[in-house]
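1. Take this sequence and fold it.
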Amino acid sequence: MSADDLADWLAARLAAGVAAVIVRIAQARGSTPRDADATMLVAAHEVAGTIGGGSLEWSAIERARELLASGDATDRWATPLGPALGQCCGGHVALAFARAGAADIAALRAVAAADRAARPAIRIFGAGHVGRALARAVAALPFDTLLIDTRPEELARSNAAPTRLTDDPAADIAAAPPGAAVVILTHSHTLDFLIARAALERGDCVYVGMIGSATKRARFLSWLVASGADPAMAAPLVLPIGAAARDKRPEVIACLTAAEIAARLLGPAPTRRLRTD
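-> Numbers count the residues shown, from 1 in each chain. Reported below is the predicted structural model:
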């Protein structure tokens, strides 16, 4: 659940007179199932969110309910994730427990706003079958996704992400934030090539991918040469996207492409940026 979802859940319970405890990972060291600030809400008969599951979470839920029953306001618990909990992560976590109130709703809203502002951007060019499937595949992930097309009728068929109707995709490339992922799946090879060149020329896109084949890549390289560009600029281009797919159904390509993008946008910092040298 997102922080906004947790805020909605808590607001509804407090309005109904249901007490809840907010459980946060205050500190995480070593190998742990969730990082610091992961949050869960616990009521007498309900739980929202997760701090990683397993024995740690079940023990935390039990401890939170003991806090509710005792009437105490706060508690803290530090534990290694080892044999005593039946978990083999090997790390160590400290959990903070507090009886939830209206201030926590506001705090969760603030966390959600900060999360939205910091989300990596995905710009999907082309709202055809694969573009719409990709928008659905990344809809639940922490990305700022925008589906862009020159055809209003295709954009109208998507409800998985915000959309933008454009007559100048190059301007949308220029407007994308630094570190964006650009995915190119339009109805026109020429338009695909123009968008790809604009994205590659920026030099700061974490991922630039195009639907197609090895033959299309060769044609793109020839097109670059014919247009006076250095074909070496295409080195970072992922073409085809979802290359591991043996099944060419849009949903399969979208699933594998979403995994490619997530690995680039959310992966370890040293491997997030494409090399262009």
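
2. Residue ranges in the stretch 51-200 of the chain under the pLDDT threshold?
-> 82-90 (pLDDT under 70).

3. So which residues of it form helices?
-> Counting by DSSP state H, counting those that start in this stretch, residue ranges of the helices within the stretch 51-200 of the chain are 54-70, 102-118, 129-137, 152-155, 169-175, 189-202.

4. which one of the ones you listed has the most crowded surroundings?
-> helix 129-137 (a mean of 24; mean count of other CB atoms under 10 Å). In this view, the C-beta of every residue, glycine as well, is placed from N, C-alpha and C.

5. For it, C-alpha coordinates in PDB please.
-> Taking Å, rounded to 0.1, in the frame of the first residue of the first chain, the C-alpha atoms of helix 129-137 are listed here in PDB:
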ATOM      1  CA  HIS A 129      -1.500  -2.400 -27.800                       C
ATOM      2  CA  VAL A 130       2.000  -2.800 -26.300                       C
ATOM      3  CA  GLY A 131       2.100   0.800 -25.000                       C
ATOM      4  CA  ARG A 132      -1.200   0.400 -23.200                       C
ATOM      5  CA  ALA A 133      -0.100  -2.900 -21.800                       C
ATOM      6  CA  LEU A 134       3.100  -1.400 -20.600                       C
ATOM      7  CA  ALA A 135       1.300   1.400 -18.900                       C
ATOM      8  CA  ARG A 136      -0.800  -1.200 -17.000                       C
ATOM      9  CA  ALA A 137       2.300  -3.200 -16.100                       C
END
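
6. circling back: redo the helices of the stretch 51-200 of the chain as CSV? Include distance to residue 182.
-> Listed next are the helices of the stretch 51-200 of the chain as CSV, based on distance: least, CB to CB, whole Å:
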stretch, distance to residue 182
helix 54-70, 38
helix 102-118, 19
helix 129-137, 12
helix 152-155, 18
helix 169-175, 7
helix 189-202, 4
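
7. Residue 228 in helix, strand or coil?
-> coil (DSSP: H, G, I helix; E, B strand; the rest coil).

8. Verify the stated contact: residue 192 with residue 184.
-> Yes. Here residue 192 reaches residue 184: they are 5.0 Å apart, a contact under CB atoms under 8 Å.

9. Tell me the residues that contact both of those two, please.
-> Residues touching both residue 192 and residue 184 by CB atoms under 8 Å, 6 or more residues apart in numbering: 125, 126, 210, 211.

10. Present those residues as a markdown table; the columns should include distance to residue 61 and neighbour count.
-> Compiled in a markdown table, the shared contacts of residue 192 and residue 184 are given as follows (distance: CB to CB, whole Å; neighbours: other CB atoms under 10 Å):
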| residue | distance to residue 61 | neighbour count |
| --- | --- | --- |
| 125 | 45 | 26 |
| 126 | 45 | 27 |
| 210 | 47 | 26 |
| 211 | 45 | 23 |
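
11. Tell me the one among those residues nearest to residue 234.
-> residue 210 (9.7 Å; CB to CB).

12. how close does that closest one get to residue 13?
-> 47 Å (CB to CB, to the nearest Å).

13. tell me what the helix or strand hosting residue 208 is packed against?
-> Using DSSP states H and E, residue 208 sits in strand 207-210. With contacts defined as 3 or more CB pairs under 8 Å, 6 or more residues apart in numbering; DSSP states H and E, strand 207-210 has these neighbours: strand 181-184, helix 189-202, helix 250-266.
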